[in-house]
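Novice: requesting a structural model of the entry that follows:
(one chain, ligands or ions: 2)
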Amino acid sequence: MNAPLTIPLQAKDFKSDYKPVWCPGCGDYSVLSAMTKALAMLDLRPENVAVVSGIGCSSRIPAYTTCYGFHGVHGRALPAATGLKVARPDLTVLVASGDGDGYSIGGNHFLHACRRNVDLTYIVMDNHVYGMTKGQPSPTTEPDWCSKLAPGGTGVREFHPLVIALASGANFIARAFSGDPNGCAGLIAEAVRHPGFSFIEVLSPCVTFRPEQRGWKDRAHPAPVAPTDDPARAARRLMSDDGFNIGVLFKGNRPAFSAGSTQCGQMQDLEKAFQL
Ligand SMILES: Cc1ncc(C[n+]2csc(CCOP(=O)(O)OP(=O)(O)O)c2C)c(N)n1
Ligand code: SF4
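Specialist: Ligands and ions are numbered 1, 2, ... in the order given. As a prediction, this is how the structure comes out:
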């Protein structure tokens, strides 16, 4: 049981007493810190926030917060979070995922969550590998990454999550780096404030299966230009960036999905929005 909360709340008030079981040095520790800092910055209370995840090392994060949590099924965090937010628009809903969970098995849900534009903040801890299941290549793994499980590399080109999010209709797109928890916290707070579906790709090293990712600290750099609300300009920038531009890269103006005010309106809107 955590101690009673004092006002104003601090990041530590959003951290539960469960000790993370991540490997020492895993980037996800800093993402947890960034998330809890952001919630304190936003002046929220744990009972007003839900953290929803799928399965993976990164998806363990809900248990390490004092917020409502849902550790769901592999790849299915977004549908669960979408239902929750539509039913409980008063809650701030954060969704946590990994590149395997979010872009492989959950890839289809990613597209449609961007398209539906429900007011969610989707935080993907991308380490270009399946960490929990011991190092299989993921959709963002470099084609020439050679490992015991993929000798000589997969030879398959990477998935580009930010471009795909933009093309699918996400209303806010940012890239963060776990090695800068303060910067990451600021981006999470900005994403939560922005209406509609906000997507943050967090470069979060897996030091166990991708130890070379420790070098990301020398590659991450602030995006050299201010965010744009023009999807065509954002697409050109995203297609040509080096994968280490950190900051808000697109801030759109699409109205967030609203379930309407009457029960009847809600059902009609839902049926329309969920028609594939
Ligand atoms: C339906 C289903 N398929 C496969 C798995 C096995 N599985 C668990 S986690 C995982 C991949 C996790 O990778 P990622 O989302 O990148 O997270 P990380 O562990 O790297 O944070 C897989 C394939 C599962 N739990 N459920
Ligand atoms: S296996 Fe990788 S992603 Fe999982 S806890 Fe360890 S360092 Fe983190």
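
Novice: and the residue nearest to Leu149 when sequence neighbours are not counted, what's its pLDDT?
Specialist: Nearest non-adjacent residue to Leu149, counting by CB to CB, 6 or more residues apart in numbering: Gln136, 5.3 Å away. C-beta coordinates here come from the backbone N, C-alpha and C atoms, glycine included. Looking at Gln136, its pLDDT reads 98.

Novice: what parts of the stretch 151-276 of the chain come near ligand 1?
Specialist: Counting by CB under 6 Å from any ligand atom, the positions of the stretch 151-276 of the chain adjacent to ligand 1 are Cys206.

Novice: gap between the closest residue to ligand 1 within the stretch 151-276 of the chain and ligand 2?
Specialist: In the stretch 151-276 of the chain, the residue that lies nearest ligand 1 is Cys206 (5.8 Å; CB to the nearest ligand atom). Distance of Cys206 to ligand 2, given as CB to the nearest ligand atom, to the nearest Å: 3 Å.

Novice: was I right about that residue contacting Gly131?
Specialist: Yes: between Cys206 and Gly131 a contact is recorded at 4.5 Å, counting by CB atoms under 8 Å.

Novice: tell me, what's touching those two both at once?
Specialist: Residues touching both Cys206 and Gly131 by CB atoms under 8 Å, 6 or more residues apart in numbering: 26, 57.

Novice: so who does Thr66 touch?
Specialist: Contacts for Thr66 (CB under 8 Å, 6+ apart) come out as 2, 13-16, 46.

Novice: out of the residues you listed, which are buried?
Specialist: The neighbour-count test (16 or more other CB atoms under 10 Å) marks 13-16, 46 as buried among those.

Novice: circling back to that earlier point, the residue nearest to Leu149 and Thr154: what is the separation?
Specialist: Between Gln136 and Thr154 the distance, using CB to CB, to the nearest Å, works out to 10 Å.

Novice: again, but for Asn171
Specialist: For Asn171 relative to Thr154 (CB to CB), the value is 32 Å.

Novice: neighbour count winner among those two?
Specialist: More neighbours surround Asn171 than the other of Asn171 and Thr154, with 23 against 18 (other CB atoms under 10 Å).

Novice: let me see the contact set for that one.
Specialist: Under the criterion of CB under 8 Å, 6+ apart, the neighbours of Asn171 are 117, 194-198, 251-254, 256.

Novice: give me the buried entries from these.
Specialist: Counted by 16+ other CB under 10 Å, these give 117, 194-198, 251-252, 256 as buried.

Novice: distance to Ala223 added to those residues, as JSON lines?
Specialist: Listed next are the buried ones among the contacts of Asn171 as JSON lines, based on distance: CB to CB, whole Å:
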{"residue": "Asn117", "distance to Ala223": "23"}
{"residue": "His194", "distance to Ala223": "16"}
{"residue": "Pro195", "distance to Ala223": "22"}
{"residue": "Gly196", "distance to Ala223": "21"}
{"residue": "Phe197", "distance to Ala223": "20"}
{"residue": "Ser198", "distance to Ala223": "16"}
{"residue": "Lys251", "distance to Ala223": "12"}
{"residue": "Gly252", "distance to Ala223": "16"}
{"residue": "Ala256", "distance to Ala223": "24"}
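
Novice: which SS class is Val124?
Specialist: Secondary structure of Val124, reduced to three states by DSSP: H, G, I helix; E, B strand; the rest coil: strand.

Novice: element containing Leu39, please.
Specialist: Using DSSP states H and E, Leu39 falls within helix 28-41.

Novice: that helix and ligand 2 in contact?
Specialist: Yes: counting by CB under 6 Å from any ligand atom, ligand 2 has neighbours in helix 28-41: Asp28.

Novice: now do that helix, average pLDDT.
Specialist: For helix 28-41, the mean per-residue pLDDT is 98.

Novice: give me the angle between whichever helix or strand comes after that helix and helix 28-41.
Specialist: Beyond helix 28-41 on the C-terminal side, the first helix or strand identified by DSSP H and E is strand 49-53. On the basis of axes from the mean of the first three to the mean of the last three CA atoms, to 10 degrees, strand 49-53 is oriented at 160 degrees to helix 28-41.

Novice: so what does strand 49-53 touch, helix or strand wise?
Specialist: Contact analysis of strand 49-53 by 3 or more CB pairs under 8 Å, 6 or more residues apart in numbering; DSSP states H and E lists strand 68-71, helix 77-87, strand 92-98 as its packing neighbours.
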